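Asks: for reference, the sequence and a predicted model appear below.
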Amino acid sequence: MTLDSVFIAAVRAVNAMEPEARSAVLPIRDVETFRESVARALQEGQSRSPPKGHQPPKEKRKEPEIPEPEIPDVDAHAFAPPSIS
Amino acid sequence: MKLLKQPQAIFGFPPPSSGALQSVDRYIEQLALSLGSRNWDRDVREMLDLLPQVFLKLGEKVEIPVDCMKVLSHHMYIVYQAYLRDRNPQLDDLLQLDSEYAYHLLHLFLENSDYKPYNPIEKYKEALLTDPDWALRWCLEQNDSLFYPKVMKHLVGTKGYNARSAIVHHRLIASRLDRQGALADIQQRLPLLLTDPCVCLWLLEFYPELERRKLFASALKDPPYLLVWAEKHGREFEESIRRALLLHPAWLADYLNLTNPPDARDLWLQARSRCTNDLLLPWVEQYGKAAGWL
């Protein structure tokens, strides 16, 4: 399986981004939007902030950080929300 | 939850009907051969999405265009198979777009010395961050306490625009909230969470208080998820599921096999009349013939 030059250039451009910017352009919902997002992110100098259009709304209150001292168990049920009853 | 990666019934599975395997294999060979000389138009991309094994049969000189990025991103298990076979560094790059397969790559490098990473290991770990669930899984398994603070920082930094970060962040803080607080936290994140059909299925299980119709809407453009909803709440959303699947005849066949509705033939006829893809139509016809509707 071989990718054409435009394809591999797009993939490598995404992989070169900072993780925060990558999180804004992935997953790929449609190719055109994806390419536009990549182009915007690159134009913004691969900044740590997400591309325009993906900016989160300004939060009124600051949520607490997660002071987790230990690595949590990733089993889904360990993360289950409080029970209804 | 049983989530199909590609449709089965339209191709005669499961169980394989007589000659189904040979028939599919022959079709894959023919389509792969033709892709060296024809346009990769919408019809071709639809077929590739339904039978991504075609990618594995392409000749080395055939270059996959960027328009297929979405198709391949749906079927990273095919990319992974191709990588295991060819060790093509391009595919190593491509797999990093998907956290799950970045995780499998990391394990492959740890467990099989025949495969060497083309990039520093830190790059693959960064690729896990797009879906922090995979990053946390890695931290736990490897006891990677140096990576863990990076995962947490990423989670907090991206929870406002990445649905996977938002849900993992919620899961982490929910244990310290009461039920009402946890629900309020979910409600606040809901517009973002509703963009991800996989997250919506998790919410369906853990937050029955949420309006199911909103969660269901996340699956409308995603036939594999529509089938999961059909299995779980088929009656409630029957009309919407059937209407959506009429545009996806290959997936409709799986729906018909799953639910066996009394008007199956009528649904199939409607889907057949709407199908404009000449590459797919012979399969639709074959399904109808096998069912005795032609």
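Replies: Yes, it's here.

Asks: hey, which helix is longest across chain A?
Replies: In chain A, with assignment by DSSP state H, the single longest helix is helix A:31-43.

Asks: can you pull out the low-pLDDT segments for chain A?
Replies: Within chain A, the ranges that satisfy pLDDT under 70 run A:41-42, A:44-85.

Asks: could you do chain B as well?
Replies: B:16-17.

Asks: where along it do the strands fall?
Replies: For chain B, the strands defined by DSSP state E cover B:63-64.

Asks: might you name the residue of it sitting closest to chain A?
Replies: The nearest approach of chain B to chain A comes at B:Gly160, 2.6 Å away (CB to the nearest CB). From N, CA and C alone the C-beta is placed, and that goes for glycine too.

Asks: that residue and B:Leu108, how far apart?
Replies: As judged by CB to CB, to the nearest Å, B:Gly160 and B:Leu108 stand 33 Å apart.

Asks: likewise for B:Asn277?
Replies: Taken as CB to CB, the span from B:Asn277 to B:Leu108 is 36 Å.

Asks: just checking, what packs against whichever strand or helix holds A:Ala21?
Replies: Assessed by DSSP states H and E, A:Ala21 sits inside helix A:19-25. When contacts are defined as 3 or more CB pairs under 8 Å, 6 or more residues apart in numbering or on different chains; DSSP states H and E, helix A:19-25 packs onto helix A:5-15, helix A:31-43, helix B:121-128, helix B:148-158.

Asks: out of the ones you listed, which gets nearest to B:Val284?
Replies: Taking CB to CB, helix A:31-43 is the member of the helices and strands packed on helix A:19-25 nearest to B:Val284, at 25.9 Å.

Asks: quick one: the closest one near chain B?
Replies: Yes. If you take CB under 8 Å from any CB of the partner chain as the test, helix A:31-43 does meet chain B, through A:31, A:34-35.

Asks: looking at those, which is nearest chain B?
Replies: A:Val31 (5.3 Å).

Asks: isn't that closest one right next to B:Leu72, touching?
Replies: No. The criterion here is CB atoms under 8 Å, and A:Val31 misses it with B:Leu72 at 10.6 Å.

Asks: neighbour count winner among the two?
Replies: Using other CB atoms under 10 Å in any protein chain shown, the more surrounded residue of A:Val31 and B:Leu72 is B:Leu72, with 26 against 18.

Asks: list the contacts of that one.
Replies: Contacts for B:Leu72 (CB atoms under 8 Å, 6 or more residues apart in numbering or on different chains) come out as B:52, B:55, B:64, B:78-79, B:94.

Asks: repeat that for 7 Å
Replies: When contacts are counted by CB atoms under 7 Å, 6 or more residues apart in numbering or on different chains, B:Leu72 touches B:79, B:94.

Asks: what's the spacing between it and B:Trp229?
Replies: Distance from B:Leu72 to B:Trp229, by CB to CB: 25 Å.

Asks: then B:Leu281?
Replies: B:Leu281 is 27 Å from B:Trp229, by CB to CB.

Asks: who has more neighbours, these two?
Replies: B:Trp229 (25 against 14).

Asks: was I right to think that one contacts B:Phe216?
Replies: Yes. Between B:Trp229 and B:Phe216 there is a contact under CB atoms under 7 Å: 5.7 Å.

Asks: shared neighbours, those two?
Replies: B:Phe237.

Asks: burial of the closest residue to B:Asn88 other than its chain neighbours, as a residue count?
Replies: In space, and not counting its chain neighbours, B:Asn88 is closest to A:Met1: 6.6 Å by CB to CB, 6 or more residues apart in numbering or on different chains. A count of nearby residues for A:Met1, using other CB under 10 Å, gives 22.

Asks: got the CA coordinates for stretch B:112-121 in PDB?
Replies: Extracted in PDB, the C-alpha atoms of stretch B:112-121 (Å, rounded to 0.1, in the frame of the first residue of the first chain):
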ATOM      1  CA  ASN B 112       8.500  -8.200  18.500                       C
ATOM      2  CA  SER B 113      12.100  -7.200  17.700                       C
ATOM      3  CA  ASP B 114      11.500  -7.700  14.000                       C
ATOM      4  CA  TYR B 115       9.600  -4.400  13.900                       C
ATOM      5  CA  LYS B 116      11.600  -1.200  14.600                       C
ATOM      6  CA  PRO B 117      10.000   2.200  15.100                       C
ATOM      7  CA  TYR B 118      10.700   4.800  12.400                       C
ATOM      8  CA  ASN B 119      10.100   7.600  14.900                       C
ATOM      9  CA  PRO B 120      11.200   8.200  18.500                       C
ATOM     10  CA  ILE B 121       8.900   6.300  20.900                       C
END
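
Asks: which one is the residue nearest the centre of chain B nearest to, not counting chain neighbours?
Replies: Centroid-nearest residue in chain B, with CA atoms, centre = their mean: B:His74, separated by 4.8 Å. Among residues not flanking B:His74 along the chain, B:Asp49 sits closest, at 6.3 Å (CB to CB, 6+ apart).
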